[in-house]
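Colleague: okay, structure incoming, though there's no sequence with it:
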């Protein structure tokens, strides 16, 4: 989460941010972004969770502990074999 922490802080300040994975086929982009989607018995992301699940979990945890109202829009686009 060290990599995404500064980006998440900027999102909470109102900046638009993008999480982007690019690379050769078979290098693990989907795993890094998605990972294991199962939650632990305590409701936390598993240790094998991807970047998207971790950052969303932390983002909505911040919302619960904040008195500020937020509006969230999250587009998700996957390009596979040069097709959307």
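Modeller: Great, that's in hand. Everything quoted here is computed from the prediction, not taken from an experiment.
Colleague: other residues contacting the lowest-mean-pLDDT helix or strand in the chain?
Modeller: The helix or strand of the chain with the lowest confidence, counting by mean pLDDT, DSSP states H and E, is helix 29-33 at a mean of 84. When contacts are defined by CB atoms under 8 Å, 6 or more residues apart in numbering, helix 29-33 is touched by residues 19, 21-23, 50-52. C-beta here means a position set from N, CA and C on the backbone, and glycine is covered the same way.
Colleague: now name the helix or strand holding the residue nearest the centre of the chain.
Modeller: Residue closest to the mean C-alpha point of the chain, counted by CA atoms, centre = their mean, is residue 52 at 2.2 Å. Assigned by DSSP states H and E, residue 52 falls within helix 51-64.
Colleague: quick one: contacts for the residue nearest to the centre of the chain?
Modeller: Per CB under 8 Å, 6+ apart, neighbours of residue 52: 19, 33-34.
Colleague: buried members of these into ChimeraX, please.
Modeller: Selection of buried members from the contacts of residue 52 for ChimeraX, criterion 16 or more other CB atoms under 10 Å:
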select :33
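Colleague: closest to residue 45 out of the contacts of residue 52?
Modeller: For the contacts of residue 52, the residue nearest residue 45 by CB to CB is residue 34; the value is 11.3 Å.
Colleague: surely that closest one touches residue 54?
Modeller: No: contact criterion CB atoms under 8 Å: residue 34 and residue 54 do not qualify, at 10.7 Å.
Colleague: per-residue confidence averaged over the helix holding residue 52?
Modeller: On average, the pLDDT along helix 51-64 is 88.
Colleague: may I see the buried residues of it?
Modeller: Buried residues in helix 51-64 (16+ other CB under 10 Å): 51-55, 57, 59.
Colleague: flag the shaky bits of the protein, pLDDT-wise.
Modeller: Judged by pLDDT under 70, the chain has its weakly predicted residues at 1, 84.
Colleague: can you do 90?
Modeller: Applying pLDDT under 90 to the chain picks out residues 1-40, 42-47, 50-84.
Colleague: straight-line length of stretch 46-55, end to end?
Modeller: Across stretch 46-55, the terminal residues are separated by 13 Å (CA to CA, to the nearest Å).
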